[in-house]
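Engineer: got a sequence here, can you build the structure:
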Amino acid sequence: MLYRPPAPTPRAPLPGLIHAMLSGERDLLSLLPDIAYTTRVGELGRSRRGIMLVNDPAWVARVLADPEGVFPKNDLMVGALEGLVGQSLFVTSGETWRRQRRMIDPAFSHMRVNRSFEAMQAGIDTYEAVLDVHADSGTTFSLDAAMSALTADIICRTIFTQSLASQTARDVFASFGQFERHVANTEIRRLLFGRPFAPIPQSRAVLDACARIRGHIDDLLSPRLEPGAPAIDDIVGAVIAATDPDTGAPFTRSELIDQIGVFFLAGHETTASVLTWLFFILAQLPQIAGRIRAEIDAVAGDGPILLEHTKQLAFTRNVFREGMRLYPPITFIPRVAQRDTEIAGKKLRRGMMVMIAPWLVHRSPANWRDADRFDPDRFTRDGEITPGSYIPFGLGPRICVGAAFATIESTLILARLVRRYDFSLLNPDKVRPVARLTTKPADEILCRIALRPD
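Structural biologist: Okay, here's the model as predicted:
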């Protein structure tokens with residue numbers, strides 16, 4: 001019997017809505033009724049603006065490709081993130097997005113794995129020393145915070161060519177958690193009763209969290225903007241040097257923080273999320289950890305795991321892919337209809353939300369066999385995956401440009417930490433996922449770690 005990792009049990013629409021409203025958690029997973037997992041294309045529940053759910057892979061691909069610009073990023077998501085990343089590449093649409101993309105393109109070359117692999121290795125080297133202390137002392141620690149600190153350091157080394165102070169990493173982790181818990185755009189009442197395109201005021205807690213995160217990015221950026229500061233060939237250097245193709249103007253300081261903030265947050269928060277779930281699962285499934293170790297022994301022996309080895313660790317990489325399927329870091333990819341239109345013969349009015357949810361697409365029984373079970377071997381079976389049914393990185397022109405980076409980084413982290421440590425969980429039966437802006441545990445996962453014998 002395949003293992004079913006934690007997931008909510010879908011309810012009928014009305015009980016599900018009542019539970020979501022009364023829980024007060026802003027957990028959007030608990031709002032999803034049982035029919036959401038089987039609907040291919042159809043209106044989801046009743047709301048003021050209307051929500052058209054799209055689970056059919058062919059229509060998922062068509063909406064996300066959006067050649068006519070009918071389905072830009074949803075205004076609720078843009079409003080949620082603009083305090084954090086401003087009018088950056090992640091939230092803009094149309095000509096503004098195309099202009100920013102042309103300016104930013106040179107920076108993406110620094111995320112190629114042959115350039116960034118050294119930063120990955122250095123970040124893991126540093127964090128293994130932290131984990132060794134936990135192993136020696138037998139202390140309990142937060143798995144979520146550990147993965148966030150590790151991936152934040154790696155992305156900081158990749159972006160800024162320097163390590164990230166541990167206190168800064170902890171503050172970013174705490175601030176992003178506060179941001180997600182309080183951001184107004186994930187309030188269930190607002191989703192059901194809010195007007196399309198209406199401005200949404202944020203609480204002081206959200207504004208403070210955004211200010212702290214942006215302040216840390218500004219602190220890292222400041223030395224690079226000093227008069228006479230040497231140019232460094234990294235992501236920050238490329239973004240600083242970027243100019244508008246039409247006017248020749250560079251990014252302002254605030255715009256630099258916007259764009260670098262996207263690299264920083266998207267480059268660590270999403271990866272940390274899936275790694276948290278994977279180490280939780282591996283602690284429950286020692287046989288899967290054993291297969292990873294056997295593969296490492298066959299590919300790398302007892303020597304260092306090099307870039308060429310990560311490309312040969314097929315099973316380890318499929319463990320990561322299965323983690324991304326079951327716990328996609330971006331739970332929902334909402335779009336909005338800019339004008340009256342149709343999807344699969346169903347009419348949409350302007351302002352209606354178009355909801356593509358990787359969580360649902362990946363768990364639809366029409367798209368996947370044993371959809372809610374952990375089975376990394378599914379990626380080796382012919383005909384298991386249809387186009388548009390696996391979208392943890394999105395699809396179309398706005399597909400995540402860091403997909404290869406995240407895959408190699410996660411494969412390397414899994415390989416190195418599984419080879420060296422055994423993880424044990426304190427209260428695995430109490431762990432459950434929630435979705436606000438990302439998919440994460442409702443409460444931090446507490447664990448202990450032990451060094452494996454040589």
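
Engineer: all contacts plus neighbour counts: C-alpha atoms, from now on.
Structural biologist: Noted.

Engineer: would you point out which residue is most central in the chain?
Structural biologist: In the chain, the centroid-proximal residue (Cα atoms, centre = their mean) is Thr270; its distance is 2.6 Å.

Engineer: quick check: pLDDT value at that one.
Structural biologist: On the pLDDT scale, Thr270 is placed at 90.

Engineer: with Asp377 instead?
Structural biologist: pLDDT, Asp377: 97.

Engineer: and the gap between the closest residue to His182 other than its chain neighbours and Ser175?
Structural biologist: In this structure, His182 finds its nearest non-sequential neighbour in Val206, 6.1 Å apart by Cα to Cα, 6 or more residues apart in numbering. Using Cα to Cα, to the nearest Å, one gets 9 Å for the distance from Val206 to Ser175.

Engineer: now do Gln121
Structural biologist: Taking Cα to Cα, one finds Gln121 at 26 Å from Ser175.

Engineer: so who does the residue nearest to the centre of the chain touch?
Structural biologist: Contact analysis of Thr270 by Cα atoms under 8 Å, 6 or more residues apart in numbering lists 329-330, 438.

Engineer: hmm, try it at 7 Å
Structural biologist: Pro329 (Cα atoms under 7 Å, 6 or more residues apart in numbering).

Engineer: so it is in which element?
Structural biologist: helix 253-284 (DSSP states H and E).

Engineer: the helix or strand following that helix - contacts with which helices or strands?
Structural biologist: With elements assigned by DSSP H and E, the helix or strand that comes after helix 253-284 is helix 286-300. With contacts taken as 3 or more Cα pairs under 7 Å, 6 or more residues apart in numbering; DSSP states H and E, helix 286-300 sits against helix 403-420.

Engineer: restricting to C-alpha, output the helix it packs on in PDB.
Structural biologist: The C-alpha atoms that make up helix 403-420 are tabulated as PDB, following Å, rounded to 0.1, in the frame of the first residue of the first chain:
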ATOM      1  CA  ALA A 403      13.200  25.300 -12.400                       C
ATOM      2  CA  ALA A 404      16.500  23.700 -13.300                       C
ATOM      3  CA  PHE A 405      18.300  25.600 -10.400                       C
ATOM      4  CA  ALA A 406      15.700  24.300  -7.900                       C
ATOM      5  CA  THR A 407      15.800  20.800  -9.200                       C
ATOM      6  CA  ILE A 408      19.600  20.500  -9.000                       C
ATOM      7  CA  GLU A 409      19.700  22.300  -5.600                       C
ATOM      8  CA  SER A 410      17.000  20.100  -4.100                       C
ATOM      9  CA  THR A 411      18.500  16.900  -5.500                       C
ATOM     10  CA  LEU A 412      21.900  17.800  -4.000                       C
ATOM     11  CA  ILE A 413      20.400  18.800  -0.600                       C
ATOM     12  CA  LEU A 414      18.400  15.500  -0.500                       C
ATOM     13  CA  ALA A 415      21.500  13.500  -1.500                       C
ATOM     14  CA  ARG A 416      23.900  15.100   0.900                       C
ATOM     15  CA  LEU A 417      21.600  15.200   4.000                       C
ATOM     16  CA  VAL A 418      20.000  11.800   3.500                       C
ATOM     17  CA  ARG A 419      23.500  10.200   3.100                       C
ATOM     18  CA  ARG A 420      24.700  11.800   6.300                       C
END
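
Engineer: check what pLDDT the residue sitting furthest away from the middle of the chain gets.
Structural biologist: Relative to the centre of the chain, the most outlying C-alpha is that of Gly228, 36.6 Å out, by Cα atoms, centre = their mean. As summarised for this prediction, Gly228 has a pLDDT of 86.

Engineer: residues making contact with stretch 70-89?
Structural biologist: 63, 91, 93, 97, 100-101, 183, 185, 197, 200, 207, 210, 214, 258-259, 261-262, 334-339, 353.
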